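>>> Provided below are the primary sequence and the corresponding predicted coordinates.
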Amino acid sequence: MTDDRKYIAFSLLHLLGIGLNLFAIFWLVFLTDLVHKPLTLTFAIFALFLQVYIFINHIAKPRQHFSRLLDAISYDDFTLSFALEKEKNSYYHQLNTALALFRQKRKEKESQWLFTNTVLDSIPLALIVADSKKNIYIFNQHASRILHINRLENLDTLATKYPDFEKIVQSNAASVKDILKIVSEGEIQKIVVSVSAFVLEGEKYKIISLQNIDEAIDHTQTEAWQSMAKVLTHEIINAVTPIASLSESALELSANKNWDEIELPLTIIHKRSAALVNFVQEFRQLSKLPEAQKQIISIAEFANGIRKSFEKRFQAENIDFSIQIEPQDIKLFADPLLLEQALTNLIENAIKATSNNTESKTIILKAGFNADQHIYISISDTGKGIPAENLEKIFLPFYTTYKEGTGIGLSVVRQIMLKHQGKIAVKSTENKGTDFTLVFFRSLT
């Protein structure tokens, strides 16, 4: 028998019971001698009340359960369940089946939302989606990094921090593109802001995309220099290697036969060609940097390893080198070989910068979290500093202020940071010192 038929049958039985009780009370009151049967009448009245109570419960129970189900749906709470009766096709089984379907649908919806957020966080573009009331629906990790805000729920918060941003977003045009200048930790960043509007189910939304111009330029420049490096490396190596080899052989011959008149030119040729080969070998780093093989690194242990590798050099140069890490147990997800190369290049620069100091020579390696909770490692020195007009040029390949420099080191460091989805920043004051900071946007703590 189905649940509906059961329900109707039980309802009819309850009504029949109530009818029989009413008839019994009528018969006892009007057709019999009530004096001799008071207990029978009391029992009949009690039975009537009991039958009415059971009938009301029978009628109201499904409604109560259905009301609970509707409340669960309206509050998005599907932890509710109903005790099953023995029959598999019971009314409660149907309610639990409905709840299970709602739970499954919600689970699928949550999985889809998680998948969408994961995809949005992995793309190299900052995205924000807001409705007409400025409530934020999407705010991916790249947007958080560019805007230096960990969490955003309303565009008004963003407008408070960056007033120019509100002017761009408030435009009624279907599509807007403008440049926003952001100052963070004393560094100015230029951000391209694109805004487009759309309507979904009668609600207006805006998609806001942001891109850091400097990062885009860095990537483009790096790719261009890599292409050029491959061509130059191939051509110069092929031309110079035979010259170096032949000049070395000629030197040996001249030494044996005392050809003093050609020894000096050959010596110069050999030195020049050897220096050129060395230059090309360094230049090759720009085009042949391997992909980052990341692993979890203890920054404290890593920094101590760097100190040991430079220990004799620091003693010889009379340099005071110190390490400042807070917290001490901070960990980084990075390629140890590439990171060592980057820090080695920065420390080499710091040693050169302090070489002419007559007073104290100090180099400090610091690590920790910046204001945006990104891990950073910095190398600061008390050297001669970098003139303000040269700060924008120092990361260009071949640009150097040292006579014996190749201008490759900082370009390599910048390329290493791009491979770690990070950046390198510099602050310098002439005659006071320079601070190079490596910032890692995707890292472990």
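Alright, I've got the coordinates.
>>> what helix or strand is residue 178 on?
strand 175-184 (DSSP states H and E).
>>> quick check: closest non-adjacent residue to residue 161.
Counting by CB to CB, 6 or more residues apart in numbering, residue 161 lies nearest to residue 149, which is 7.1 Å off, once chain neighbours are set aside. Any C-beta I mention is one placed from the backbone N, CA and C, and that applies to glycine too.
>>> over to the one you found: give its phi and psi.
For residue 149, the backbone dihedrals (degrees, to the nearest 10) come out as phi -130, psi 120.
>>> so it makes contact with residue 158?
Yes - contact status for residue 149 versus residue 158: in contact at 7.0 Å, counting by CB atoms under 8 Å.
>>> in terms of neighbours, single out the busier of these two.
Neighbour count, other CB atoms under 10 Å: between residue 149 and residue 158, residue 158 has more, with 22 against 15.
>>> touching, the more buried one and residue 152? I think so.
Yes - between residue 158 and residue 152 there is a contact at 6.2 Å, judged by CB under 8 Å.
>>> can you give me the helices for the protein?
3-30, 38-74, 91-122, 141-147, 155-161, 163-169, 213-257, 260-287, 299-317, 336-354, 409-419 (DSSP state H).
>>> counting contacts, what elements does the third one pack onto?
To tie it back to what came earlier, the one meant is helix 91-122. Judged by 3 or more CB pairs under 8 Å, 6 or more residues apart in numbering; DSSP states H and E, helix 91-122 is in contact with helix 3-30, helix 38-74.
>>> residue 413: what's its closest spatial neighbour, skipping adjacent residues?
residue 342 (4.6 Å).
>>> what of residue 369?
residue 375 (6.3 Å).
>>> residues near residue 316, how many?
So residue 316, with other CB under 10 Å, has 9 neighbours.
>>> roughly how far apart are it and residue 308?
According to CB to CB, to the nearest Å, residue 316 stands 15 Å off from residue 308.
>>> now residue 112
51 Å.
>>> what's the domain layout of this protein?
3-105, 124-212, 216-287, 295-440 (automatic domain parsing).
>>> low-confidence ranges in the stretch 151-300 of the chain?
171-175, 183-187, 214-270, 272, 275-276, 278-288 (pLDDT under 70).
>>> for the chain, which strand is longest?
Looking across the chain with DSSP state E, the single longest strand is strand 187-200.
>>> now for it, which elements pack on it?
Using 3+ CB pairs under 8 Å, 6+ apart, strand 187-200 sits against helix 163-169, strand 175-184, strand 203-212, helix 213-257.
>>> that one vs strand 175-184, what angle?
Computed by axes from the mean of the first three to the mean of the last three CA atoms, to 10 degrees, the angle separating strand 187-200 from strand 175-184 equals 150 degrees.
>>> sheet-wise, list the partners of strand 187-200 with their directions.
Strand 187-200 sits in its sheet next to strand 175-184 (antiparallel), strand 203-212 (antiparallel), going by DSSP bridges.
>>> any chance of these in TSV, plus mean neighbour count and distance to residue 107?
Output for these, formatted as TSV (neighbours: other CB atoms under 10 Å; distance: least, CB to CB, whole Å):
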stretch	mean neighbour count	distance to residue 107
strand 175-184	14	37
strand 203-212	16	25
